[in-house]
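S.K.: Quick one: sequence plus predicted model below, questions after.
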Amino acid sequence: MMQPVAKGLTSIIRAFSYPNVPGVLGLQTQWNSPSAFQNIRPLSMSLWPFGAQPRDFSQPNASWSPEMRRVYDHYVALCEVETVGGEKKRGPWRKLPSYNRTLKYARGGAYLSKMIQSKARLFTRSIKEHGAAFEYAIFVNKQEKRCVCVFQSGHLLEGPPGHVHGGAIATMIDTVTGGLAGCLSGPIMTANLNINYRSPIPLGSVVLIHSALDRVEGRKTFLTCRVTSTDETRLHTDATALFVSINMGHLFGT
């Protein structure tokens with residue numbers, strides 16, 4: 001049984017490339033080698049052949065403050081534009097889904113995540129209580145090679161009394177810059193983060209995390225990042241990030 005599973009995983013790893021489906025990280029439909037999974041046929045014309053689509057944790061919930069929802073709705077509105085004739089069409093912005101395992105971004109990943117280290121969870125999506133830790137949604141503009149994240153910190157992220165822990169801020173910078181790097185360059189891993197903390201972030205407040213492509217040099221993708229108030233008048237943190245493109249097979253020993 002394990003050999004077919006390994007082959008199926010290898011096929012998914014080969015297909016694991018972020019930029020190819022607008023607004024959804026890494027939903028690939030190609031299967032490059034024979035495997036047990038190729039013989040499974042979906043019951044309907046769905047991108048997810050192994051059951052329901054994974055839960056998107058970046059959807060609004062009751063813990064979101066009015067400011068969080070206001071800014072979120074603003075960027076959702078940018079995902080559609082109105083033509084001269086009054087029709088709606090897809091805009092340059094996309095909201096990225098956010099799952100509790102990176103594996104779920106691959107086709108069939110929702111199924112495989114139940115087989116491979118099934119208890120594993122993405123760090124930023126590991127707390128079940130709404131609003132307790134990381135509440136965020138990322139919007140990407142691939143044309144402009146930049147993204148914006150709306151982030152609301154929960155009570156479990158405290159560092160200095162009443163303010164967000166620096167490690168939690170670094171986690172979000174890594175998450176946001178990594179999301180953009182993945183959209184632009186495919187599978188990547190963090191190589192370097194250089195962070196300057198300018199002003200503390202009050203716990204429970206809403207901030208924007210802006211990231212933009214600086215340059216690409218071979219396998220290296222360089223980005224910039226700023227954490228600001230929602231009106232962008234206060235700079236909380238700025239950073240630079242370096243990501244390196246990888247062969248996903250190396251992570252699984254294939």
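M.R.: Cool, the structure landed. These numbers were taken from a predicted model, which means no experiment stands behind them.
S.K.: Give the closest residue to Asp214 in space, chain neighbours not counted.
M.R.: Phe222 (4.1 Å; C-beta to C-beta, 6 or more residues apart in numbering). Placement of C-beta: from N, CA and C, glycine included.
S.K.: and the one you found, bridged to which residues?
M.R.: Arg215, Leu242 (DSSP bridges).
S.K.: Leu180 contacts Ser211, correct?
M.R.: Yes - in this structure, Leu180 is within contact of Ser211 by C-beta atoms under 8 Å, at 4.9 Å.
S.K.: picking up where we left off before, what's the neighbour count on the residue nearest to Asp214?
M.R.: 17 (other C-beta atoms under 10 Å).
S.K.: what's near enough to touch it?
M.R.: By C-beta atoms under 8 Å, 6 or more residues apart in numbering, Phe222 lies in contact with Leu213, Asp214, Arg215, Val216, Thr240, Ala241, Leu242.
S.K.: Kindly indicate which of those residues lies nearest Ile173.
M.R.: Distance to Ile173 across these (C-beta to C-beta) is lowest for Ala241, with 7.1 Å.
S.K.: What does the pLDDT read for Ala120?
M.R.: Listed pLDDT for Ala120 reads 85.
S.K.: Tell me how many other residues surround the closest residue to it other than its chain neighbours.
M.R.: In space, Ala120 comes closest to Arg101 once its chain neighbours are excluded; the distance is 6.3 Å by C-beta to C-beta, 6+ apart. As a burial measure, Arg101 scores 20 neighbours (other C-beta under 10 Å).
S.K.: before we move on, the earlier item: how close does the residue nearest to Asp214 sit to Ala191?
M.R.: Distance of Phe222 to Ala191, given as C-beta to C-beta, to the nearest Å: 10 Å.
S.K.: All set now, cheers.
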